[in-house]
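Asks: here is a sequence with its predicted model. Questions after.
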There are 2 protein chains.
Amino acid sequence: MFKAVVTITFKKNILDPQGSAVHKALHSLGYPEVSDVRVGKHIEVVMDVDSDEEAHKRIEEMCTKLLANPVIEDYQIDVAVVE
Amino acid sequence: MFKAVVTITFKKNILDPQGSAVHKALHSLGYPEVSDVRVGKHIEVVMDVDSDEEAHKRIEEMCTKLLANPVIEDYQIDVAVVE
């Protein structure tokens, strides 16, 4: 079994309203040292495949088809073996 | 400047409806090898503080006060130096 961790974030030039909201909230809670906040998604996918390469290939496909929107989002994939 | 990356996930015994929805969607898209999906949050906070310890202390506070709900969520913090 393999576990793929996909981290999805907005591309640098794309506005992140959720990040701005958290940024403002942190300022009003007394954290003026915060200068930027970006909010993204963290997705863990457990897969029953035979190899690391297969896991990478399949999760890459899932990202482009469903998990991420490549027009406005970047994604990073980490695959590890699990029991 | 320090960048703290906070990864927030539901605790193991907490239902994750978003994860279940993605799991079902992946099955119907032709990925029967997927056996579990969990969806969490990825938050990047850039802070203007003096030390790594200070950054850790402040982000830990932010997590308990605003970013995470410790009753149902676990969080993991990674702090790195940025320019």
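Replies: Sure thing, it's come through.
Asks: tell me the SS of the closest residue to A:A25 other than its chain neighbours?
Replies: The shortest distance from A:A25 to any non-neighbouring residue, by C-beta to C-beta, 6 or more residues apart in numbering or on different chains, is to B:L66 (5.8 Å). Any C-beta I mention is one placed from the backbone N, CA and C, and that applies to glycine too. Assigned by DSSP: H, G, I helix; E, B strand; the rest coil, the conformation of B:L66 is helix.
Asks: kindly report the same for A:M62.
Replies: Applying three-state DSSP: A:M62 is helix.
Asks: next, the angle from the longest strand seen in chain A to strand B:34-47.
Replies: Taking DSSP state E as the criterion, chain A has its longest strand at strand A:34-47. Using axes from the mean of the first three to the mean of the last three C-alpha atoms, to 10 degrees, the inter-axis angle of strand A:34-47 relative to strand B:34-47 is 170 degrees.
Asks: tell me if strand A:34-47 is near chain B.
Replies: Yes - applying C-beta under 8 Å from any C-beta of the partner chain, one finds strand A:34-47 in contact with chain B at A:34-47.
Asks: now do the same for the residue lying farthest from the centre of chain A: its pLDDT.
Replies: Centroid-distance maximum for chain A: A:G30 at 27.8 Å, with C-alpha atoms, centre = their mean. At A:G30, the pLDDT value in this model is 95.
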